[in-house]
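In: predicted model and sequence below, questions to follow.
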Amino acid sequence: MSKLSFRFSRKYLAIPYAVFLLCFIIVPLLLIIYYAFTNGGGEFSLNNLNKFFTDPTKLNVLFVSLLIGFMNTAICLIIGYPLAYFLASKRYNINKIMVLLFIMPMWINFVLRTGATRDLLVWIGLGGGHYPILATMIGMAYNYLPFVILPLYTTMLKMDQSLIEAASDLGATPKQVFFKTVVPLSSPGIVSAATMVFMPTMSSYVISDVLSEGQIILFGNSIYLNFSQGQWNDGSFMAFVLLVIILVSMLFTKNVKKDEDARGSIW
Amino acid sequence: MVKKIFVKSYVWLFLLLMYLPIFTLIVFSFTEATNVGDWTGFSFGLYAKLFKDQETMVALSNTVLIAVVSAVVSTILGTLGAIGIFYSKKRAKNALELVGQIPVVNPEIVIALSLTILFVFLGIRFNFLTLLIGHVVLTLPFVVLSVRPKLMQMDPNIYEAALDLGASPIYALRKVIVPEILPGIFSGFLLAITLSLDDFIITAFTRNNSFQTLSTLVQTKIKKGPIPSQLRALTTIIFLLALVVVIVTNLNLRRQSAKIRRQQKNEV
């Protein structure tokens, strides 16, 4: 008779975690794919795919989302890169607390902040009723700037300063030093900043809805609408399109080493 | 010199812009007009109105409730998960790390929709538990990310030493591993709280419609008009709380680094 005995091993501690991941991450994602490729009756169909690629409103959502996603990523990088550079550079001797000050608005409720931006823009006459695109872009840049500053700032702090000194010692002009040394050295930060802005912008709901007064429909707005009308198949196909876009962008960035998620460094 | 002035003004300009919407609300929290921009005389009226506003008070307590409960669940599940993964074999480790980080890259709207579909598929009614699951999915990867580096820094021999000295595995875990990784657990917990407090999309999808959090309440209000005036007073209070938290953590960090420096000096 063999005696079954349970021997504790530290790896068993991951079992509840693994079960949770299976139930609430893997299964739900599989369900999205299932709903994306079935009709209301549960039969396999490419109807949702056909509808997505022939419906001008849905194609418009895809186009506008990609456009606003790219624009916001560019704006945030253009504003945020010099900010992170100045904050990290020892030459300008800017207090460390300044970095914290740039992140602190994130502690105020996100919906409240978005509403505040909208009310301020309406007050100064730049409200979304008249300028939906401008108002939305301001709201997006305002919200995502900290997400660009953080990863760039941490990468720049870790940059090997001797390489930069070496470049100027060897006769590079300040411009050459910047474009040939600083930018390439900070590319991991640029990539992680861009990935942290692009997808969330494309799929956002509150910012575009509130700031454009409902005039700009992004992926988030479209999926939210499908959700509130109980159209699971349509919504799932849109979510599936987002998943494909993520996979494609991961293929593009997979060779670049990324910094840790900046949200992780708030504390 | 000119360059230095340019740099400082660039930084200060954007810092000012970051705070402009918040400061506007704070300034106009001291007057009772409906719209931001109208000044009808100084008053603390909105603060009184805020505390009498039952709807907002309930939403606030709901927000704190779900944040604390989900952060506790996430911290326990994530810490055990991180320890388990750390001691797993390579294949299980890679698989768990990959799946565990999906919610970080996955847009929130996809997480929200996928969970909603799961609950609808299983015929589960939306209640506090479904909302809790949503928030745990959102925050769990960040707990694991906070704990993992502390496990890597830990001396691998101390657990073995505890076992050799007669400690049971559970006892050694509690008395040796957990104290070593406590700072990581703590920062994971704080991060989980901040993410949960701020969440809108996952909450909107997975909650029972009668359960309002601050995010969902503000969203329904600002769809119809300007931010309700008493919420301007709330913004001031949240801002002051955030400021206190920043100052306290900053002082703590300084004290810790001073302590480390002193220890290093003593060792030399």
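Out: Arrived safely, thanks for sending.
In: quick one, strands of the stretch 1-150 of chain A?
Out: Taking DSSP state E, counting those that start in this stretch as the criterion, the stretch 1-150 of chain A carries no strands.
In: pLDDT weak spots in it?
Out: A:1-6, A:93 (pLDDT under 70).
In: got the residues of the stretch 151-268 of chain B near chain A?
Out: Within the stretch 151-268 of chain B, the positions adjacent to chain A are B:159, B:169-170, B:173, B:187, B:190-191, B:194-195, B:197-198, B:200-201, B:204-205, B:214-215, B:218-219, B:221-223, B:226-227, B:231, B:234-235, B:238-239, B:242-243, B:245-246, B:249-250 by C-beta under 8 Å from any C-beta of the partner chain. Heads up, the C-betas are built off the backbone N, CA and C, glycines and all.
In: quick one, helices of the stretch 151-268 of chain B?
Out: B:157-164, B:169-172, B:178-198, B:201-206, B:214-224, B:229-267 (DSSP state H, counting those that start in this stretch).
In: residues contacting the fourth one, please?
Out: Contact with helix B:201-206 is made by A:205-206, A:220, A:224, A:227, B:66, B:108-109, B:111-113, B:115-116, B:119, B:126, B:130-131, B:133-135, B:137-138, B:213, B:215-216, B:219, as judged by C-beta atoms under 8 Å, 6 or more residues apart in numbering or on different chains.
In: most centrally placed residue in chain B?
Out: B:Thr194 (1.6 Å; C-alpha atoms, centre = their mean).
In: strands - which of the contacts of helix B:201-206 land there?
Out: Taking DSSP state E, every one of the contacts of helix B:201-206 sits outside strands.
In: can you lay out the helices of the stretch 151-268 of chain B as CSV showing mean pLDDT?
Out: Conversion of the helices of the stretch 151-268 of chain B to CSV gives the following (pLDDT from 0 to 100):
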stretch, mean pLDDT
helix B:157-164, 90
helix B:169-172, 89
helix B:178-198, 93
helix B:201-206, 95
helix B:214-224, 94
helix B:229-267, 83
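In: ok, back up a step: the residue nearest to the centre of chain B and B:Asn157, how far apart?
Out: 35 Å (C-beta to C-beta, to the nearest Å).
In: same question, A:Phe63
Out: 58 Å.
In: also A:Ile32?
Out: 45 Å.
In: name the nearest residue to A:Gly220, ignoring sequence neighbours.
Out: A:Tyr205 (3.4 Å; C-beta to C-beta, 6 or more residues apart in numbering or on different chains).
In: which residues are in contact with that neighbour?
Out: With C-beta under 8 Å, 6+ apart, A:Tyr205 has these contacts: A:Leu218, A:Gly220, A:Asn221, A:Ile223, A:Tyr224, B:Ile109, B:Phe200, B:Ile201.
In: and those, which of them are in helices?
Out: Members of the contacts of A:Tyr205 lying in helices (criterion: DSSP state H): A:Gly220, A:Asn221, A:Ile223, A:Tyr224, B:Ile109, B:Ile201.
In: max pairwise distance over those: which two?
Out: Using C-beta to C-beta, the ones in helices among the contacts of A:Tyr205 reach their maximum pairwise distance at A:Asn221 and B:Ile201, which is 11.1 Å.
In: that older thread, pull out the buried members of the residues of the stretch 151-268 of chain B next to chain A.
Out: Buried subset of these (neighbour count, 16 or more other C-beta atoms under 10 Å in any protein chain shown): B:159, B:173, B:187, B:190-191, B:194-195, B:197-198, B:200-201, B:204-205, B:214-215, B:218-219, B:221-222, B:226-227, B:231, B:234-235, B:238-239, B:242, B:246.
In: A:Gln215 against A:His130, yeah?
Out: No. With contact defined as C-beta atoms under 8 Å, A:Gln215 does not count as touching A:His130 (10.3 Å).
In: touching, B:Gly41 and B:Ala33? I think so.
Out: No. Using C-beta under 8 Å, B:Gly41 is not in contact with B:Ala33; the gap is 9.0 Å.
In: what number of residues lie near B:Lys90?
Out: Using other C-beta atoms under 10 Å in any protein chain shown, B:Lys90 is surrounded by 7 other residues.
In: could you tell me the phi and psi values at the nearest residue to A:Trp123 once chain neighbours are set aside?
Out: Closest residue to A:Trp123 apart from its sequence neighbours, by C-beta to C-beta, 6+ apart: B:Gly37 at 3.9 Å. Phi and psi for B:Gly37, reported as degrees, to the nearest 10, are phi 110, psi -20.
In: so how many other residues sit close to B:Gly37?
Out: Applying other C-beta under 10 Å, we find 13 other residues in the vicinity of B:Gly37.
In: chain neighbours aside, what residue packs nearest to B:Thr40?
Out: Nearest one to B:Thr40, counting by C-beta to C-beta, 6+ apart, is B:Ala33 at 4.6 Å.
In: and B:Phe189, by the same measure?
Out: Counting by C-beta to C-beta, 6+ apart, the residue nearest B:Phe189 is B:Thr75, at 4.5 Å.
In: for chain A, see how far away that neighbour is.
Out: 12 Å (C-beta to the nearest C-beta, to the nearest Å).
In: got a list of what that residue touches?
Out: With C-beta under 8 Å, 6+ apart, B:Thr75 has these contacts: B:Val143, B:Ile185, B:Gly188, B:Phe189, B:Ala192.
In: the last one: neighbour count?
Out: Think B:Ala192. Neighbour count of B:Ala192, defined by other C-beta under 10 Å: 27.
In: same check on the second one?
Out: By the other C-beta under 10 Å criterion, the neighbourhood of B:Ile185 contains 20 residues.
In: which ones are touching it?
Out: B:Thr75, B:Thr79, B:Val143, B:Ser146, B:Val147, B:Lys150, B:Val178 are the contacts of B:Ile185 under C-beta under 8 Å, 6+ apart.
In: want to throw these into TSV with secondary structure?
Out: Below are those laid out as TSV (DSSP: H, G, I helix; E, B strand; the rest coil):
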residue	secondary structure
B:Thr75	helix
B:Thr79	helix
B:Val143	helix
B:Ser146	helix
B:Val147	helix
B:Lys150	helix
B:Val178	helix
